[in-house]
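Peer 1: predicted coordinates and the sequence they were generated for:
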Amino acid sequence: MAGQPLFDLSGVAASRGGAPVLRGLDLRLTEGATALLGPSGAGKSTLLRLLNRLADPDAGAIRFRGDDVRSLDVRALRRRACLVPQLPAPLPGTVAHNVRFGPSLVGREVDVGRELALAGLSADYAERDASRLSVGEQQRVMLARALALEPEVLLLDEPTSALDEDTRAGVERTLVDLGDRIGVSTVVVTHDRAQAERLAGRIVELRDGRIAA
Amino acid sequence: MTAGVHISLGEVAATLALVAVAAAVSIWRRADLERDLGVAVVRSFLQLTAIGYVIQAIFDSNSLWLVALLLAVMVAFGSITARSRARGVPGALGPIVLGLSVAAVVTLGLVLALGIFHARARYLVPVGGMVIGNAMTAAAVSLNRLADEVRGSGQLIEATLALGATAREAAGELVTRSLRSGMITLIDSTKTTGVVFFPGTMVGMLLAGARPLDAVRLQLILLWALLGSVALSSVIATGLGYRGFFTEDHQLRELDDAA
């Protein structure tokens, strides 16, 4: 079930540390759940960082809902297309502070309990020190604070790579539920084909910076 | 304020006995510092002798223009030195020059405006030198710390930017910690002054024959003035220097590029 176009990439080339990572990529990402699948070094994470302009391509253009991402306010773009990092990076302070942080930058209040519930955490977590949680719990806090921005699309960079099997299954269930409950689109980077199939209706396979044939 | 003293070159040369002790320690422990020690002794002699003549000429002329020129040269050399110590911060020279200049102008301006010193070369040159020297160290230390902080917190910074934060918001905590490190050394030495060590100005005045209470009061004036100047140079150097790590679009530069 392909939805409206989210991102259109044309001729996108990018490098990291001087080495070419993406080589002339043409790709359309649509609403719904998409997995970017590929081995390490295929350019998946680099591609994800280009979508919300944490980095810019060396060549080519990226459009978000028809607008060149360079023409958009970069901070507004990041709130609309919010990235959840591969490894949890909680801000110093409580879980509630982490969840409120993004919305507070634009003067918006959030229902911390609701966001935590969406990410699969009980409201009891709100006043706990985020840095003292397990990695799995921290990853859910990362998800909750991204959801608090009410994004149109979540960009998830290997969201379960640091988790054990049971915790991973729980986070995967949460991600699948999110699409159903609040209709947020997801772009998930993974190197695990089975996970890609569990999490996404569409799989884009990358190899050596290009779409795999 | 103080009685004049005359120091002969022979008395200066006699102190080389203690340099010989340092060389002996280096040779004994194979620290390989003899060459550096030799360079340090020769350079300190030449540089201080040269600046002694320059200062003497400026004192004799008592020209405020010459004082301003000398202080500008000090700011320039201090900035280059601080820049070389803070190599990890891209584009640091501008913030350092501004930090040192503001520290010098505001500190000297205040001590003049408050009537603590007269606008004479005899006061402005040594006080300006101390202010700029301490401001230089504080800027270098705080920027060095900033480089370490940014390199150690890349993931957190990017995760914060990804939430729609500006570069300033993403780096705010790190800038504050770097500012603290630039200021804390002088604050700590100010706390322990007179107990753990005697600061240089006070020692110099005592050796020159000044009354101890006069020496103490002048030292307090300088220490307290320096607290203001290191705060100014650190806050400007870090408050502007963090920008070098980011693009205009609130992107963290690749850290290898930033090196």
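Peer 2: In hand now; what should we look at? Residues are numbered from 1 along each chain as shown, chains lettered A, B, ... in the order given.

Peer 1: find me the pLDDT at residue 119, would you?
Peer 2: Looking at chain A here, since you left the chain open. A:Ala119 is assigned a predicted lDDT (pLDDT) of 90.

Peer 1: actually chain B
Peer 2: Here, the pLDDT recorded for B:Ala119 equals 91.

Peer 1: shaky segments in the chain?
Peer 2: Chain wasn't specified; assuming chain A. Scanning chain A for pLDDT under 70 picks out A:1-2, A:213.

Peer 1: hmm, no, I was thinking of chain B.
Peer 2: Low-confidence segments of chain B, defined by pLDDT under 70, span residues B:1-4, B:256-259.

Peer 1: write out the residues of it neighbouring chain A.
Peer 2: Contacts of chain B with chain A, taken as CB under 8 Å from any CB of the partner chain, map to B:155-156, B:158-166, B:169, B:173, B:249-252, B:254, B:256. C-beta here means a position set from N, CA and C on the backbone, and glycine is covered the same way.

Peer 1: how about stretch A:83-93: buried residues?
Peer 2: Going by neighbour count (16 or more other CB atoms under 10 Å in any protein chain shown), the buried part of stretch A:83-93 is A:Leu83, A:Val84, A:Pro85, A:Gln86, A:Pro88, A:Ala89, A:Pro90, A:Leu91.

Peer 1: so which pair among the residues you listed is furthest apart in space?
Peer 2: With distance counted by CB to CB, no two of the buried residues of stretch A:83-93 lie farther apart than A:Gln86 and A:Leu91, which are 16.9 Å apart.

Peer 1: how about the helices in chain A?
Peer 2: If you assign secondary structure with DSSP state H, the helices in chain A sit at A:44-51, A:74-80, A:95-104, A:112-118, A:135-147, A:165-182, A:193-199.

Peer 1: from the buried residues of stretch A:83-93, pick the one nearest A:Asp166.
Peer 2: For A:Asp166, the nearest member of the buried residues of stretch A:83-93 is A:Pro88. The distance, counting by CB to CB, is 17.3 Å.

Peer 1: contacts only, for that closest one.
Peer 2: A:Pro88 makes contacts with A:Val135, A:Gln138, A:Gln139, A:Val141, A:Met142, A:Ala162, as judged by CB atoms under 8 Å, 6 or more residues apart in numbering or on different chains.

Peer 1: what packs against whichever strand or helix holds B:Asp36?
Peer 2: Counting by DSSP states H and E, the element that carries B:Asp36 is helix B:34-61. Secondary-structure packing of helix B:34-61 (3 or more CB pairs under 8 Å, 6 or more residues apart in numbering or on different chains; DSSP states H and E): helix B:16-28, helix B:64-85, helix B:121-152.

Peer 1: looking at the ones you listed, spot the one closest to B:Leu207.
Peer 2: Nearest of the helices and strands packed on helix B:34-61 (CB to CB): helix B:121-152, 14.9 Å.

Peer 1: between helix A:44-51 and the helix or strand that that closest one is followed by, find me the angle.
Peer 2: Proceeding C-terminally, helix B:121-152 gives way to helix B:154-161 as the next helix or strand, assigned by DSSP H and E. Computed by axes from the mean of the first three to the mean of the last three CA atoms, to 10 degrees, the angle separating helix B:154-161 from helix A:44-51 equals 40 degrees.

Peer 1: residues touching the nearest residue to B:Ala138 once chain neighbours are set aside, list them.
Peer 2: Closest residue to B:Ala138 in three dimensions, ignoring its sequence neighbours and counting by CB to CB, 6 or more residues apart in numbering or on different chains: B:Val230, at 3.8 Å. B:Val230 makes contact with B:Ala103, B:Asn134, B:Ala135, B:Thr137, B:Ala138, B:Gly182, B:Met183, B:Leu186, according to CB under 8 Å, 6+ apart.
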